[in-house]
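Peer 1: any chance you could fold what I've pasted below:
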Amino acid sequence: MPDLSLRRAHVSDHPVIVKCIQTWWGDSRTPEQARELSLLLPKVFLQFFAGTSLVLEDEAGMKGFLVGFHSADNEDEAYIHFVGVDPRLRGQGAARRLYTTFFKHAAAAGRKEVRAITSTGNAGSVAFHRAMGFTLEEGDREVDGLPVHSDYDGPGQDRVCFRRMIVPDDAE
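Peer 2: Sure thing, here's the model as predicted:
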C-alpha cells in the first residue's frame, strides 16, 4: 500500500468525501445513482461524529474515509456508517487499516461491539465484513443465502446487518 497518512476527519472534509463517493462509485452506478448514494452521508455526520471518523490521504488528496460513531444510547456499541476507498487502492489494505483503527478507538472508549450494514447485492462488502470478523445478524428472510432485514432503510431498502465483537487484539 502506498504511503498514506491516517487522521481524524473534519467537517471541512464533507465536500471532498461527497465528491469521492460520486467519483469512486461512478464505475458501478449511473451519475444519478452515485449522487443518490452520496446523500446517505449528510454533513451532519461530520458535524457530530468527526472525532470518531477517519480520513486516509497522501499528498495528492483523500484516498479513503470511514464515517462511524459511538452509540449515544448503548455504551457498548459503535457503528460504521459509510466507508470508501479509492478504487485504485482496493485490495491493498486501505479499508482494513480504516476498520482496524476504528476498532482500536472504539475499544479505547470502552465499546464492546461494532455494527455495520450493507445492501443485499453488495457481495464484495459482505465478503470484506466477514473477513474482518463480522458475523451476519439474523434477518426476517433470506436472499441468495444471506439473512436480510426487509425495509431496513425504508420501503424496498433491504439490508444485511453485521456485528463484530471487540477483541483484546483490537485495543493494541
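
Peer 1: tell me the contacts of the spatially closest residue to residue 148 that is not a sequence neighbour?
Peer 2: Leaving out its chain neighbours, the residue that sits closest to residue 148 by CB to CB, 6 or more residues apart in numbering is residue 139, at 4.4 Å. For every residue, glycine as well, the C-beta is placed using N, CA and C. When the contact criterion is CB atoms under 8 Å, 6 or more residues apart in numbering, the partners of residue 139 are 146, 147, 148, 149, 150, 160, 161.

Peer 1: let's see 10 Å
Peer 2: With contacts defined as CB atoms under 10 Å, 6 or more residues apart in numbering, the neighbours of residue 139 are 120, 146, 147, 148, 149, 150, 152, 158, 159, 160, 161.

Peer 1: from residue 150, how far out is the residue lying closest to the fifth one once chain neighbours are set aside?
Peer 2: This means residue 149. With CB to CB, 6+ apart as the criterion, residue 149 has its nearest non-adjacent residue at 4.7 Å, and that residue is residue 139. From residue 139 across to residue 150, the span is 7 Å (CB to CB, to the nearest Å).

Peer 1: does the residue nearest to residue 149 sit in a helix or strand, and which one?
Peer 2: Secondary-structure assignment from DSSP states H and E places residue 139 in no helical or strand segment.

Peer 1: how close does it get to residue 54?
Peer 2: In this view, residue 139 and residue 54 are 29 Å apart by CB to CB.
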